[in-house]
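give the three-dimensional model of this entry:
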Amino acid sequence: MISLTAIQPIIRVGARQEIEGMAVTSADKKELFERLLENRKTVFWICLGYARDSVEAEELAQEVFFKAWSRIDSLRTPERCREWLFRVARNTCLDSQKKKRLRRLFEANSPREARDEKTPEALVILRDELRLLKKAVRALPNKMRSTFILREYGELSYHEIADILGIREGTVMSRLNGARGKIRERMKGLSHGK
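Below is the predicted model:
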């Protein structure tokens, strides 16, 4: 016959091993997230490519890192965490744009908040040029726009972009070339009032 006191130490040892295992997993999760945080600047620039201004880009970047933390357990290959993070950033920005379009449909008559502040003349000119550039980027077809933003705003390599979008590097180069050409044409047209 087995006494109850003989069983209890076995249960305690098993429970302690499970707790220690969870601590290791938690530490690994924290370490992986710290590696993801090293890409804050790139995530911000990707978000800025999709956003209307830097304030919105900051909000999107925060949302990206919140989603990354909450979904970090779904990351199957930690050595490819950069590509995974940039995919989360792109998808977060695209989701945000969809929400905005829906909101505009329902709030067509509501006044829009102005976030721009008064600045010196040089900054006004720069802001105007950036506005024209963003307008030209928004006018690109979706596939070209995503590729352009990941390359020019996110400064990602062709290989990284190909992995994120699930296409070949040659396709990345082709889309970038087309996007740059369309942006140049559009910028000329916008600056001349067309």
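
show me where this protein has its helices.
Taking DSSP state H as the criterion, the chain carries its helices at 4-37, 40-50, 54-70, 81-106, 121-138, 142-148, 158-165, 169-191.

what mean pLDDT does the first one have?
Right, helix 4-37. Here helix 4-37 scores 57 as its mean pLDDT.

show me how this structure divides into domains.
Listed domain ranges for the chain are 17-109, 116-194 (source: automatic domain parsing).

low-confidence ranges in the chain?
Within the chain, the segments meeting pLDDT under 70 span 1-25, 105-119, 190-194.

am I right that residue 132 is in contact with residue 187?
Yes: under the criterion of Cβ atoms under 8 Å, residue 132 makes contact with residue 187 at 5.9 Å. Every residue, glycine included, has its C-beta placed from N, CA and C.

picking up where we left off before, mean neighbour count for the helices of the chain - can I get that in JSON lines?
Written out in JSON lines, the entries for those read as follows (neighbours: other Cβ atoms under 10 Å):
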{"stretch": "helix 4-37", "mean neighbour count": "11"}
{"stretch": "helix 40-50", "mean neighbour count": "21"}
{"stretch": "helix 54-70", "mean neighbour count": "17"}
{"stretch": "helix 81-106", "mean neighbour count": "16"}
{"stretch": "helix 121-138", "mean neighbour count": "13"}
{"stretch": "helix 142-148", "mean neighbour count": "20"}
{"stretch": "helix 158-165", "mean neighbour count": "19"}
{"stretch": "helix 169-191", "mean neighbour count": "16"}
